[in-house]
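Enquirer: Okay, here's the prediction I keep looking at, along with the sequence it came from:
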Amino acid sequence: MEKPTVLGVDIGGSHITAAIVDLDKGVLVKDSIKRNEVNSRKEKDEILSAWYKVIRNANGGDLNENCRIGIAMPGPFDYKNGISLIKDQDKFNSLFGLNIKDELADRLGIPATNIKFVNDAASFMYGEVNYGAAKGFANALGVTLGTGLGSATSINGVAKDAELWNSKFLTGIAEDYLSTRWFVNKYKDLTGKDVEGVKKLAAMVKVDPFAKQIFNEFGRSLGHFLVDFIKSTRSEIVVLGGNISKSFDLFGPPLIENLRAFNLDTVVKITKLNEHAQLIGAASRWKDVVDEKIAQH
């Protein structure tokens, strides 16, 4: 029997990435990775055609009934039925109420039952729990730090979006303090100067005491914010992803120090799968099906 091919797909507001995923090893098949920019403000046919091309090309231009697809998709979305509920977000307005599962299946020439949609934050968590930094932990928390704040929990292998971004924190919401814009605004407040982003700020730490101070403050804030949530979910590990996590050596120590001050010995790690976590996590939703089919033959 031909082993079922599983494609992982990551859809964002400005791009789509797709690749064949080796579910035994939890890695992407190297030459299969395809990515393209997509303007999410366009009409539905233009968006769906762009998605179709990338998905088809990732599989070498041909799909059949043995192909399974896991798609990481931002919400709000009816993940079970594949219907977009996104509106008033300056993206995907033309897809609102549309059954994307049926539309894509029709274009790709495969049964709609061969496509699964997964929340993008939950996909990150599935990837890390099944193959990455959180493997072996029953209760895990994933946080992606970048232009926005993503979060998901995994409890006994079931991941779901934690939606922490708009939780009340200090004088606003969490995303005000735990995203790229906070770094940029804080540096401007302290120095009157503009900085392009977190990567540039990280490069300045050795020569600019304000940059060092900002990373320390960020680590303490992140620790302070996560304490109650770690306690309520009994998370044994926190996995950090997103571009800001690449500067973990600068904000990690004050983050861990703050957790310890609240008597938490939670493990904190950065993502093992990096930007591939969502692709691998979405594809991993097919692992049981694929294993069962192989066992039957």
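Expert: Received it, and whenever you're ready, just let me know what you need.

Enquirer: Show me the helices in the stretch 101-250 of the chain, by range?
Expert: Assigned by DSSP state H, counting those that start in this stretch, the helices in the stretch 101-250 of the chain fall at 120-131, 174-177, 180-191, 198-203, 209-233, 248-261.

Enquirer: With mean neighbour count added, can I get those in JSON lines?
Expert: Where C-beta positions appear, they are placed from N, C-alpha and C, glycine not excepted. Output for the helices of the stretch 101-250 of the chain, formatted as JSON lines (neighbours: other C-beta atoms under 10 Å):
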{"stretch": "helix 120-131", "mean neighbour count": "28"}
{"stretch": "helix 174-177", "mean neighbour count": "19"}
{"stretch": "helix 180-191", "mean neighbour count": "16"}
{"stretch": "helix 198-203", "mean neighbour count": "18"}
{"stretch": "helix 209-233", "mean neighbour count": "18"}
{"stretch": "helix 248-261", "mean neighbour count": "17"}
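
Enquirer: want to try a markdown table for those, with distance to residue 5 as columns?
Expert: As requested, the helices of the stretch 101-250 of the chain are exported to a markdown table (distance: least, C-beta to C-beta, whole Å):
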| stretch | distance to residue 5 |
| --- | --- |
| helix 120-131 | 18 |
| helix 174-177 | 37 |
| helix 180-191 | 36 |
| helix 198-203 | 36 |
| helix 209-233 | 35 |
| helix 248-261 | 35 |
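
Enquirer: Out of those helices, which gets nearest to residue 114?
Expert: helix 120-131 (17.5 Å; C-beta to C-beta).

Enquirer: Compare the helices of the stretch 101-250 of the chain and give me the one nearest residue 109.
Expert: Of all the helices of the stretch 101-250 of the chain, helix 120-131 comes closest under C-beta to C-beta, at 24.6 Å.

Enquirer: what's the nearest residue to residue 7 if we skip its chain neighbours?
Expert: With C-beta to C-beta, 6 or more residues apart in numbering as the criterion, residue 7 has its nearest non-adjacent residue at 4.7 Å, and that residue is residue 69.

Enquirer: what's the answer for residue 67, then?
Expert: Using C-beta to C-beta, 6+ apart, the closest residue to residue 67 is residue 5 (4.9 Å).

Enquirer: picking up where we left off before, the helices of the stretch 101-250 of the chain: which one's closest to residue 274?
Expert: Per C-beta to C-beta, nearest to residue 274 of these: helix 120-131, 9.8 Å.

Enquirer: what helices or strands is the closest one leaning on?
Expert: strand 5-11, strand 67-73, strand 139-145, strand 149-155, strand 158-161, strand 237-241, helix 277-283 (3 or more C-beta pairs under 8 Å, 6 or more residues apart in numbering; DSSP states H and E).

Enquirer: hmm, 6 Å instead?
Expert: Judged by 3 or more C-beta pairs under 6 Å, 6 or more residues apart in numbering; DSSP states H and E, helix 120-131 is in contact with strand 139-145, strand 149-155, strand 158-161, helix 277-283.

Enquirer: Would you mind getting the angle between that helix and strand 149-155?
Expert: 50 degrees (axes from the mean of the first three to the mean of the last three C-alpha atoms, to 10 degrees).

Enquirer: how far off strand 139-145 does helix 120-131 point, in degrees?
Expert: Going by the same axes, to 10 degrees, helix 120-131 makes 130 degrees with strand 139-145.

Enquirer: Helix 120-131 to strand 237-241, inter-axis angle?
Expert: Using the same axes, to 10 degrees, helix 120-131 lies at 120 degrees relative to strand 237-241.

Enquirer: I'd like to know the average pLDDT value across helix 120-131.
Expert: Here helix 120-131 scores 95 as its mean pLDDT.
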